[in-house]
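Enquirer: need a structure here:
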Amino acid sequence: MSGHNRWSKLKRANAIMGKTKGKLYSKLIKEMTVAARLGGGNPEGNARLRVAIAAAREANMPNDNIQRAIKKGTGELEGESYEEIVYEGYGPGGVALLVECLTDNRNRSAADVRSMLGKEGGNMGAEGSVSWMFHKKGVVTVKPGPSEDVVMEKALDAGAEDVLPLGEDGFEVRCAPADLHAVASALEGAGLKLGEQKWTYLPQNTVRVEGDNARKMLKLMELLEDNDDVQNVYANFEMDDALMDSLSG
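Expert: Numbering: from 1, shown residues only. The predicted model follows:
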């Protein structure tokens, strides 16, 4: 695994264990609040909230925090109102980027994203300029233990489209976005231990970055994901694992 997926996994693991845990919790709380506001506070009838709660539990968030976030969304507790915006653009070396934001001030968010892109050799794109390069998919992580053959058999029986081995981190099961909950439930019912469940955007093609472009790309990812309004960043870059480890260290 290399490129954006590997970088995201490294940063998420560091966030859960390290000093950026508070920022990760803040983003998860914001997502649960918005999901509950849009679809109600019952996760059984709200797929987005169900996925958000699963992500919060995977990050070891206390249940009291989860319940408060849901109540802010349903209006039982006072909370902010957020607007969803997706910005499109390019990073160094022509890397395509989708930046998902939840914000209470779209002018601030647009200015911040434009500034961060420009600072690291990128630029903002028009709506539709890069989104066609990505496919939305459901992703379920299966924790290590079972063989690849076992995971593949159960995943295909559950209606999944593909299984990717992740080495010591287990397996990544991919499916159609609408099938995420059904596939995750079937895998869990088949006795597999699951990790993260989410929707993601996978690139159709990748751009390899090296040298100064690689350094700028990772710096740009750091800047974007550290911004309070940015929820998720998807990019189509690839780079050597060793180079990523040295630059991310």
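
Enquirer: which element is the nearest residue to Glu44 once chain neighbours are set aside on?
Expert: Residue nearest to Glu44 in three dimensions, not counting chain neighbours: Arg50, with 7.5 Å by Cβ to Cβ, 6 or more residues apart in numbering. Backbone N, C-alpha and C define where each C-beta goes, glycine included. Per DSSP states H and E, Arg50 falls inside helix 47-58.

Enquirer: Show me which positions of that helix end up buried.
Expert: For helix 47-58, burial by neighbour count (16 or more other Cβ atoms under 10 Å) applies to Ala47, Arg48, Leu49, Arg50, Val51, Ala52, Ile53, Ala54, Ala55, Ala56, Glu58.

Enquirer: how far off helix 47-58 does the helix or strand following it point, in degrees?
Expert: The helix or strand immediately downstream of helix 47-58 is helix 63-74, counting by DSSP H and E. Calculated by axes from the mean of the first three to the mean of the last three Cα atoms, to 10 degrees, helix 63-74 forms an angle of 160 degrees with helix 47-58.

Enquirer: in helix 63-74, what's buried?
Expert: Buried residues in helix 63-74 (16+ other Cβ under 10 Å): Ile66, Arg68, Ala69, Ile70, Lys71, Lys72, Gly73.

Enquirer: Domain ranges for this protein, per the record?
Expert: Listed by the TED database, the domain ranges of the chain are 82-132+205-248, 133-203.

Enquirer: Serialize those to CSV and add fields for mean neighbour count and distance to Leu24.
Expert: CSV is the format used below for the domains of the chain (neighbours: other Cβ atoms under 10 Å; distance: least, Cβ to Cβ, whole Å):
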stretch, mean neighbour count, distance to Leu24
domain 82-132+205-248, 18, 10
domain 133-203, 17, 12
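
Enquirer: Show the pLDDT at the spatially closest residue to Pro146 that is not a sequence neighbour.
Expert: Leaving aside its sequence neighbours, Pro146 sits nearest to Leu192 (Cβ to Cβ, 6+ apart; 6.3 Å). Note on Leu192: pLDDT of 96.

Enquirer: Kindly indicate whether Leu192 is helix, strand or coil.
Expert: coil (DSSP: H, G, I helix; E, B strand; the rest coil).

Enquirer: Could you check the angle the host helix or strand of Thr200 makes with helix 47-58?
Expert: For Thr200, the host element (DSSP H and E) is strand 194-203. Put simply, strand 194-203 runs at 120 degrees to helix 47-58, going by the same axes, to 10 degrees.

Enquirer: the helices in this protein, which residues?
Expert: Per DSSP state H, the chain carries helices over the ranges 4-17, 21-39, 47-58, 63-74, 106-119, 148-158, 180-189, 211-226, 241-248.
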